[in-house]
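no sequence for this one, just the structure:
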């Protein structure tokens with residue numbers, strides 16, 4: 001869902017570039033990869049911008065690129081202006097992809113990589129959210145993170161998964 005929300009915003013600017021840059025569904029390390037920047041997109045329903053980071057180096061910028069974390073807050077809602085996942089997908093298809101069959105096909109392939117299935121589109125319509133308070137953070141030396149650069153010794157090869165939580169408020 002997080003990648004879909006960001007894809008919507010990027011598709012408004014340039015749908016071809018947005019879809020070719022959306023790498024998260026292809027199991028890449030970062031959600032969006034551009035020539036000079038990579039974006040990691042996180043969403044939460046918790047109070048404040050508190051996010052789970054999956055992996056020791058998820059917030060380590062790749063060589064020669066800048067890394068940004070895009071954070072969204074969301075709440076479940078039945079309000080008439082709230083959006084479901086299916087609403088977001090429909091908006092992207094109608095407003096940004098403008099009936100271009102090749103882009104629509106590419107978009108749905110990427111969605112499938114995120115676990116989306118058109119079979120369940122009516123189910124996806126049932127749960128609606130208000131998405132608000134989107135923030136863009138440059139991941140630099142002041143950003144709260146844990147990476148392999150902070151370790152004095154490499155991790156033992158039998159340690160294969162690290163997860164931690166960061167609070168971006170304040």
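Yep, it's here. These figures come from a predicted structure and were not determined experimentally.

after the strand or helix carrying residue 107, next one along is what?
Secondary-structure assignment from DSSP states H and E places residue 107 in helix 101-113. Going down the chain from helix 101-113, the next helix or strand is helix 121-126, by DSSP H and E.

starting at the chain centroid, how far to that following helix?
The chain centroid and the centroid of helix 121-126 are separated by 20 Å under C-alpha atoms, centre = their mean, to the nearest Å.

That helix - contacts with which helices or strands?
strand 83-84, helix 85-91 (3 or more C-beta pairs under 8 Å, 6 or more residues apart in numbering; DSSP states H and E). To be clear about C-beta, it is placed using only N, CA and C from the backbone, and glycine gets the same treatment.

Show me what the shortest one is packed up against.
Read that as strand 83-84. helix 121-126, strand 128-138.

what about the longest one, average pLDDT?
Along strand 128-138, the predicted confidence averages to a pLDDT of 91.

Can you pull the poorly scored residue ranges out of the protein?
In the predicted model of the chain, residues 1-7 satisfy pLDDT under 70.

rewinding a little: out of the helices and strands packed on strand 83-84, deepest packed?
strand 128-138 (a mean of 14; mean count of other C-beta atoms under 10 Å).

thinking again about what came up before, reformat the helices and strands packed on helix 121-126 as TSV; add mean neighbour count and distance to residue 130.
What follows is these, written out as TSV (neighbours: other C-beta atoms under 10 Å; distance: least, C-beta to C-beta, whole Å):
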stretch	mean neighbour count	distance to residue 130
strand 83-84	18	8
helix 85-91	18	12
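
Ok, which of these comes nearest residue 61?
helix 85-91 (28.2 Å; C-beta to C-beta).

packing partners for that closest one?
Counting contacts by 3+ C-beta pairs under 8 Å, 6+ apart, helix 85-91 packs against helix 2-13, helix 121-126.

what does the last one rub up against?
By C-beta atoms under 8 Å, 6 or more residues apart in numbering, the surrounding residues in contact with helix 121-126 are 84, 85, 86, 87, 89, 116.
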